[in-house]
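1. Predicted model and sequence follow; I will ask about them next.
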Number of protein chains: 4
Amino acid sequence: MLAKILNLVYRREIGSVWRSVSTHASQRLDIAGIYPPIATPFTQDGNVDYQSLDKNLQKYGSIPFRGLVVQGSNGEYPYLTTEERIDIVRRVRETLPTSKIVMAGSGCESTRETIKMSESMASAGADCVLVVTPCFYHGRMNSSALIHHYTQVADSSPIPIILYNVPANTFLDLPLDAVVQLSQHPNIIGIKDSGGDITRIGLIVYKTRSQDFQVLAGSAGFLMAAYSVGAAGGVCALANVLGKQICELAQLCTSGQWDKAKELQYRLIEPNTAVTRKFGVLP
Amino acid sequence: MLAKILNLVYRREIGSVWRSVSTHASQRLDIAGIYPPIATPFTQDGNVDYQSLDKNLQKYGSIPFRGLVVQGSNGEYPYLTTEERIDIVRRVRETLPTSKIVMAGSGCESTRETIKMSESMASAGADCVLVVTPCFYHGRMNSSALIHHYTQVADSSPIPIILYNVPANTFLDLPLDAVVQLSQHPNIIGIKDSGGDITRIGLIVYKTRSQDFQVLAGSAGFLMAAYSVGAAGGVCALANVLGKQICELAQLCTSGQWDKAKELQYRLIEPNTAVTRKFGVLP
Amino acid sequence: MLAKILNLVYRREIGSVWRSVSTHASQRLDIAGIYPPIATPFTQDGNVDYQSLDKNLQKYGSIPFRGLVVQGSNGEYPYLTTEERIDIVRRVRETLPTSKIVMAGSGCESTRETIKMSESMASAGADCVLVVTPCFYHGRMNSSALIHHYTQVADSSPIPIILYNVPANTFLDLPLDAVVQLSQHPNIIGIKDSGGDITRIGLIVYKTRSQDFQVLAGSAGFLMAAYSVGAAGGVCALANVLGKQICELAQLCTSGQWDKAKELQYRLIEPNTAVTRKFGVLP
Amino acid sequence: MLAKILNLVYRREIGSVWRSVSTHASQRLDIAGIYPPIATPFTQDGNVDYQSLDKNLQKYGSIPFRGLVVQGSNGEYPYLTTEERIDIVRRVRETLPTSKIVMAGSGCESTRETIKMSESMASAGADCVLVVTPCFYHGRMNSSALIHHYTQVADSSPIPIILYNVPANTFLDLPLDAVVQLSQHPNIIGIKDSGGDITRIGLIVYKTRSQDFQVLAGSAGFLMAAYSVGAAGGVCALANVLGKQICELAQLCTSGQWDKAKELQYRLIEPNTAVTRKFGVLP
């Protein structure tokens, strides 16, 4: 209740800021398509291996990705310093053609730090930020606390934000009513949902359709099903390995070739499980 | 390990039984389509209300269901005596046209009781039985114990059996490898999966496709997504209320009209949630 | 809300029954002490092995147990028919000295069946019944539904009832407020709590102390800690194997020899874990 | 497996460091007693409120605490910058009499950051550090990964470390075998366990008793039970409010006045629940 009142007051005060953001948002960033959440390569002594990073980026050049996710869960951002996180984004932006989107993870536990990190990511050249739900204090992360957090970040961020729901890591599901309310914010343009609950994904698409809110599936395992209920694309760890096939699956879905899509989807589920499981030796 | 050896021994001994079952199974019962899991109406003093049951059955006559599920979770079978469970199935079979399938719940905690119940359901006229995973002793319900249980039931049952996975009630997910192995049994013809994990549903369809194994979605919430990855139909509580619409959704999916299907699916998710939640005042 | 109203109406109508029960309860059955939840021995062909049962009962004769629990989780009651469950209780009662309590499991999913089973157990000679929480429909098993269930059973049962909370099997924790309210019923004399949450156990003792409500720990692993916060005894699977030691631990606790108790408790935790894990090969 | 090999190699290389640490550890820091995990006061504009902090510290002066925990979960460290975290520890150390222990939270997701933070905390005057389990990548946080993490931190930390297990926040239970192995490290002197599983706490005390390993209960709710099975003290949020009573409870337990202890414990459970629940409005 208090949070709601604060929110209202807050919104009124920063009305002018909002209007300018709104104008900006009238040409909403189109994020539809496939993104590999790139891994962060480390050298043997535990530093970021920029040479390997460059090599990986070159490989991605030949694949019709919409862009790259930098510092998603797959990028092991919890093991990086703030400086490393920003440097990697800068490096990716410099190397990647400008037609490709750089989506950078900027979520921290505190609202203040998330705002700072989003600003830093914008300065480093990110096109948008992916903001994971804060989760350490699960008990108090109810709808209104999460709406408050995301609204403050979105109000301040110079680039659009994408909500990031990953219950397998956070043990928290961003409530549907929070997603719907946040979808109305001009600077919140979509969600990456890794939960795999297809009923929920369909419902999010349906209830936010008037907002031009874009839903990205968080795994190749349910990519086709997500497209079938209206998702706009996917952030798929498997795309780091089988990028062409994932892009082909996306293309079959968007062009309505569902029977072919189904066959391709079948062949991708097991490698996807393998990649998802493997992902993760301590650096 | 022990269970596996026992299984092998068991299978050899009952080879002759199996062969006859196999012949039978060469004309596998086609269960594709939509089923409402019918509720059991009770009179005020807590007995089965057969008059209301008949009225409900008449209403269902005009809807193109493939059949009815009797004594699913929705039928509140845990509140019925064995005799009541069998009587209800008999009554449904007598009233329903023979072209419609009667799928009767027969799962108990013990293998022996499940076998007895399956035989009783067959005598009462059921076309096939739906066998929920035993679950009270979660700790020992591993893959091999579950394979052992279902194999024994399938070996003995005079009518085909359908596996029933409903983790929201049982807190147990029938492991994928168990499903795949059980799909090879000639008397196990499908699974009703209520878990809503669409990646898993796709994988089950894919890995059992050589067996002509039929997958039914356990809820209207993910019915279209399930069809998109190859499901054969659905057992949907919502079909008790919006049966025509669910059958229309199924028809749109099987005829490849995915865009129309999507619009209809959207409109069914919220009523589905409401029905799923409401289901359940103590009798 | 409805359940509450029904409850009130119900209570008024059966006021006279209650009063007689109350009188009866003025000499509350003292259940303080240790109970092994006995296993049900099976013959190779899956029937109850009464000879082995008798042998086990003889062994227990030399140990200062307060009584035996028949048809607890350890007794594998979900694998027995109603008739077998009752027969076993009768057999135990015939064999056991009358100074020892026979506590018989009588919990079923439905209130009606639980009432019938409690009556049968009383006829078979049980001194009290242990009533597990119904759990298949977790979603609706809220405080008021559980209070309603237990009140109806307690109103009807000719012998006192003991609540049975075993979240590891039921995935349901009988809410504290329900325990406190039910403790006021003259025919509900205690709880067996297997959850192992010692804060909760202390709180139950504290909040029901005016009712002479008796709390039994559901495992030897936390028996001494439970005694330290006021429990009256324990139902411990380990007592089937190390009965003398558990009774000695209980005696040390009730006589305030806490340092010795601690040393003995230490030595029992690991065998307890082993017994708890082992318990459970499919019959 | 890999982690184990790495561990072995690692240990050999740093053998000399270890020996010096071992010498140091021969006079193990005695941490027995009660600690409030102090809250971090914030000003209205979201900065650390050092004036309020000083006031709180003065209040604590009159209570026989063994020391203070700074930057536990209760200190909301996830909302603080690294600099703020260190500053607060410095301030507490300057204000607190040297006879009182300053136990500072230093856990981060990455081993490298945890080591750096532990060094910073030591420089700021902390007597020991409290290291929460890393948890974002639950899937790979198995025993050997956690042993690897803690061993590296303990090898490097200039001050002793205390393991910190708080499953309600991390959704991860530091495995018992890991605790036992880590207890043998000369620079790991204890554990704060907030899980409330009293069987586990007893087992930890028992299996590490040859190591002079000290177990602190993580909540006032099970403080007496923890003492009864051999714990050395507690870190209790409730001690921020009812510090004298908690210290009195501890004193009753250590002097063997269990009946009085029980009465006091009863009276503290409910306020404890209230404090635990309240703790947590977004700063």
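-> Received, thanks.

2. right, and A:Arg85 touches A:Glu76 too?
-> No - with contact defined as Cβ atoms under 8 Å, A:Arg85 does not count as touching A:Glu76 (10.3 Å). In short, each C-beta sits where N, CA and C put it, glycine included.

3. quick one, which of those two is more surrounded?
-> Set side by side, A:Arg85 and A:Glu76 show more neighbours around A:Arg85, with 23 against 20, by other Cβ atoms under 10 Å in any protein chain shown.

4. Distance-wise, check the more buried one relative to chain D.
-> 12 Å (Cβ to the nearest Cβ, to the nearest Å).

5. and that residue, what does it touch?
-> A:Arg85 makes contact with A:Gln71, A:Tyr77, A:Gly105, A:Met117, according to Cβ atoms under 8 Å, 6 or more residues apart in numbering or on different chains.

6. Specify which member of those is nearest to chain D.
-> Ranked by distance to chain D (Cβ to the nearest Cβ), those are led by A:Tyr77 at 8.9 Å.

7. tell me the contacts of A:Ile198?
-> Counting by Cβ under 8 Å, 6+ apart, A:Ile198 touches A:Phe222, A:Ala225, A:Ala226, A:Val229, B:Gly196, B:Ile198, B:Phe222, B:Ala225.

8. which two of the residues you listed lie the greatest distance from each other?
-> A:Ala226 and B:Gly196 (13.5 Å; Cβ to Cβ).

9. returning to what we had before: just put the contacts of A:Ile198 in a markdown table and tack on pLDDT and secondary structure.
-> Putting those into a markdown table (pLDDT from 0 to 100; DSSP: H, G, I helix; E, B strand; the rest coil) gives the following:
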| residue | pLDDT | secondary structure |
| --- | --- | --- |
| A:Phe222 | 96 | helix |
| A:Ala225 | 97 | helix |
| A:Ala226 | 98 | helix |
| A:Val229 | 96 | coil |
| B:Gly196 | 91 | coil |
| B:Ile198 | 96 | helix |
| B:Phe222 | 96 | helix |
| B:Ala225 | 97 | helix |
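
10. still on that earlier bit, what about A:Ala226 and B:Gly196, which has more around it?
-> Using other Cβ under 10 Å, the more surrounded residue of A:Ala226 and B:Gly196 is A:Ala226, with 29 against 21.

11. Near the closest residue to that one other than its chain neighbours, how many other residues are there?
-> Leaving aside its sequence neighbours, A:Ala226 sits nearest to A:Ala217 (Cβ to Cβ, 6 or more residues apart in numbering or on different chains; 3.7 Å). Neighbour count of A:Ala217, defined by other Cβ under 10 Å: 28.

12. Next: the one 10 residues further on.
-> For A:Tyr227, the number of neighbouring residues by other Cβ under 10 Å comes to 24.

13. Check which residues of stretch A:210-219 are buried.
-> For stretch A:210-219, a neighbour-count test (16 or more other Cβ atoms under 10 Å in any protein chain shown) marks A:Gln211, A:Phe213, A:Gln214, A:Val215, A:Leu216, A:Ala217, A:Gly218, A:Ser219 as buried.

14. now, which of these lie within strands?
-> Counting by DSSP state E, those place A:Gln214, A:Val215, A:Leu216, A:Ala217 in strands.

15. Correct me if wrong: the third one contacts A:Ala231.
-> Yes - look at A:Leu216 against A:Ala231 with Cβ under 8 Å: they come within range, at 6.6 Å.

16. what's the strand or helix carrying A:Gly190 packed up against?
-> Element membership of A:Gly190 [criterion: DSSP states H and E] is strand A:188-193. For strand A:188-193, the elements it packs on are strand A:161-165, helix A:198-207, strand A:214-217, judged by 3 or more Cβ pairs under 8 Å, 6 or more residues apart in numbering or on different chains; DSSP states H and E.

17. Pairing partners for it, with directions?
-> strand A:161-165 (parallel), strand A:214-217 (parallel) (DSSP bridges).

18. do the top helix by length along chain A and chain B meet?
-> Counting by DSSP state H, the longest helix found in chain A is helix A:258-278. Yes - residues of helix A:258-278 contacting chain B under Cβ under 8 Å from any Cβ of the partner chain: A:Trp258, A:Asp259, A:Lys262, A:Gln265, A:Tyr266, A:Ile269, A:Glu270, A:Asn272.

19. C:Glu113: which of those residues is nearest?
-> Nearest to C:Glu113 among these, with distances taken as Cβ to Cβ, is A:Ile269, at 43.0 Å.

20. My guess is that closest one contacts B:Gly202. True?
-> Yes - at 5.8 Å, A:Ile269 and B:Gly202 qualify as touching, with contact defined as Cβ under 8 Å.

21. Counting neighbours, what do you get for whatever residue of the stretch 101-250 of chain A ends up closest to chain D?
-> For the stretch 101-250 of chain A, the residue closest to chain D is A:Glu109, as judged by Cβ to the nearest Cβ, at 3.5 Å. Counted with other Cβ under 10 Å, residues neighbouring A:Glu109 total 18.

22. thinking it is in contact with A:Thr133, fair?
-> No - look at A:Glu109 against A:Thr133 with Cβ under 8 Å: they stay out of range, at 10.0 Å.

23. what do the two both touch?
-> By Cβ under 8 Å, 6+ apart, A:Glu109 and A:Thr133 have no common neighbours.

24. returning to what we had before: list the contacts of the strand holding A:Gly190.
-> Strand A:188-193 has contacts (Cβ under 8 Å, 6+ apart) with A:25, A:28-29, A:31, A:69, A:72, A:128, A:130, A:150, A:154, A:160-166, A:174, A:179, A:182-183, A:200-201, A:204, A:212-218, A:232, A:235.
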